[in-house]
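Trainee: could you look at this predicted model? Sequence included:
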Amino acid sequence: MTISSSITNDFTNKLALKVITGLNNFNMKKVKQMTQAAEIAKATYVDIAADINIINELRSNSTIPICVSSISAQTLIKCQKADVQILEIGNYDSFYEQGRLFSSKEIMNISKDTKYSLPNTTLCVTIPHVLRVEEQIELTRDLERIGVDIVQTEGKSTSLSKNGDLSGIIGRAASTCSSTYAISQNSNMPIVSASGISALTAPISFLYGASGIGIGNNIRQLSNITSMVMYIYEIQTAIENNRSNKQDINHSISRSSINCNLSPSKIKVHNKILQ
């Protein structure tokens, strides 16, 4: 495990919170706003596009740990020379809109190229939500075997769901929380839940086994640093208020009728999850 010392405590205490500026967000003003808000609110780190100019600008104006995201091993390796703390393979949302999907094999190839080139760098890999649960678990185990440090779960593309009511808020987080739970029961790797996470659903992510959460879209929509800081504070407060009221969700899942709706192969995986 090579998780950067600057973020280790938050992951160990299952309190990690990263602010995602966006894989394809090269708007320097917006990125700097979000980064400044994250630093003021004491977020764990920021996740930015793999762009050397943005990295250098943030390095000169901020001390918050930086993660860069890309689907290119070569790009990540180049960015590491700019002294970032975390490399991430992921944030696929914009690619899904183009009909671009990622297979387990492709993710493994990118991960191997990156990890083998930079064995001492913290590497996070996003598990595509388009994979079946069984495939997500298997991919996580394969990534753990090659030394990947953190995995991130995601949900259905938030840009494709515009509901602003309660059901919409929960629905956007349901997929990533479900993947988080399944993976957490089958791996000891730290997990970051991202996609549609809000003050309402952040505590659920931690209850389901996450060590951290990622928030981005809701912050990017805000117009000033003050409102961004207040939004991060709101999520942090929700997490803290729920830490003392943790519940065991295994009992409610095991008693549910979910098995009735699963094929024999899925029942086998489900039963493994509950063991």
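Mentor: On my side now, so go ahead.
Trainee: for this protein, what spans make up the strands?
Mentor: 16-20, 45-49, 66-70, 86-89, 122-127, 150-153, 191-193, 212-215 (DSSP state E).
Trainee: next, the buried residues of the shortest one.
Mentor: Right, the one you point to is strand 191-193. Ile191, Val192, Ser193 (16 or more other CB atoms under 10 Å). Bear in mind the C-beta positions are built from the backbone N, C-alpha and C, glycine included.
Trainee: still on that earlier bit, closest one to Pro203 among the strands of the chain?
Mentor: strand 212-215 (9.4 Å; CB to CB).
Trainee: for that closest one, which helices and strands make contact with it?
Mentor: strand 16-20, strand 191-193, helix 202-207, helix 225-243 (3 or more CB pairs under 8 Å, 6 or more residues apart in numbering; DSSP states H and E).
Trainee: just checking: what are the partner strands of it?
Mentor: Partners of strand 212-215 in the sheet, by DSSP bridges, are strand 16-20 (parallel), strand 191-193 (parallel).
Trainee: pretty sure Ala41 contacts Gln236?
Mentor: Yes: counting by CB atoms under 8 Å, Gln236 is a contact partner of Ala41 at 7.0 Å.
Trainee: okay, now the unreliable bits of the stretch 151-275 of the chain?
Mentor: Scanning the stretch 151-275 of the chain for pLDDT under 70 picks out 156-172, 244-275.
Trainee: now with 90, please.
Mentor: Scanning the stretch 151-275 of the chain for pLDDT under 90 picks out 155-176, 195-196, 198-201, 217-218, 239-275.
Trainee: re earlier: quick one: closest of the strands paired with strand 212-215 to Ser175.
Mentor: For those, the distance to Ser175 is smallest for strand 191-193, at 10.0 Å, taking CB to CB.
Trainee: between Ala41 and Gln236, point out the one with more neighbours.
Mentor: Legend: neighbour count by other CB atoms under 10 Å for Ala41 and Gln236, higher for Ala41 (20 against 17).
Trainee: alright, calling it a day.
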